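Visitor: structure for this input, please:
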Amino acid sequence: MNWLIDLFTNPFLITSVSSWFIAQLMKTIIYAIINKKIDLTWMFSDGAMPSGHSATVSSLAVFAALQYVSVRRDTEKLERWGLCGMFAILATISLFSSYHTAYLVLCGIVTGVLIVYG
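Guide: Reported below is the predicted structural model:
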């Protein structure tokens, strides 16, 4: 049962899922304002602005970097610094594979980074 608690209290997971949720919520609200009707299917849809994919992977990469950048001189933690590189590569791959328009991706990246700093 501890693994379940660890899973749901994992700050990397919380940050990523929160970023995705907020991006999807923003997308739903923007759609409602423009079309003057609420359509909750936008909470689980692809496309539109901001990109949920971009927000998710950007927040994960930035959060990982911030977690390890201050401890990079510690030998034990330096090995974990490689995780930041891995997250950055995965973020880049995900951003290019879900690339719709530069504007959507940029808005998603900004959303993800703001979640980390917010």
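
Visitor: when you work out contacts or count neighbours from here on, use the C-alpha atoms and nothing else.
Guide: Noted.

Visitor: ranges for the helices of the protein?
Guide: Using DSSP state H, the helices found in the chain span residues 2-8, 11-35, 52-69, 75-97, 102-117.

Visitor: out of the ones you listed, which one sits most buried?
Guide: helix 52-69 (a mean of 24; mean count of other CA atoms under 10 Å).

Visitor: returning to what we had before: got the helices of the chain as JSON lines, with distance to Met43 columns?
Guide: Compiled in JSON lines, the helices of the chain are given as follows (distance: least, CA to CA, whole Å):
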{"stretch": "helix 2-8", "distance to Met43": "21"}
{"stretch": "helix 11-35", "distance to Met43": "5"}
{"stretch": "helix 52-69", "distance to Met43": "10"}
{"stretch": "helix 75-97", "distance to Met43": "19"}
{"stretch": "helix 102-117", "distance to Met43": "14"}
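
Visitor: between the ones you listed, which one is closest to Asp46.
Guide: Minimum separation from Asp46 across these (CA to CA) falls at helix 52-69, 7.6 Å.

Visitor: ok, now how distant is Leu60 from Lys37?
Guide: Distance of Leu60 to Lys37, computed by CA to CA, to the nearest Å: 32 Å.

Visitor: returning to what we had before: hey, least reliable of the helices of the chain by pLDDT?
Guide: Per-stretch mean pLDDT for those is lowest at helix 75-97 (a mean of 68).

Visitor: ok so, going back, relative to Trp42, which of the helices of the chain is closest?
Guide: helix 11-35 (5.2 Å).

Visitor: which residue is nearest the centroid of this structure?
Guide: Nearest to the mean C-alpha position of the chain, by CA atoms, centre = their mean, lies Thr56 at 1.8 Å.

Visitor: isn't it right next to Leu13, touching?
Guide: No - if you go by CA atoms under 8 Å, Thr56 and Leu13 don't touch, sitting 9.7 Å apart.

Visitor: pretty sure Met43 contacts Ile29?
Guide: No - between Met43 and Ile29 there is no contact under CA under 8 Å: 9.5 Å.

Visitor: tell me the pLDDT at Met1?
Guide: At Met1, the pLDDT value in this model is 72.
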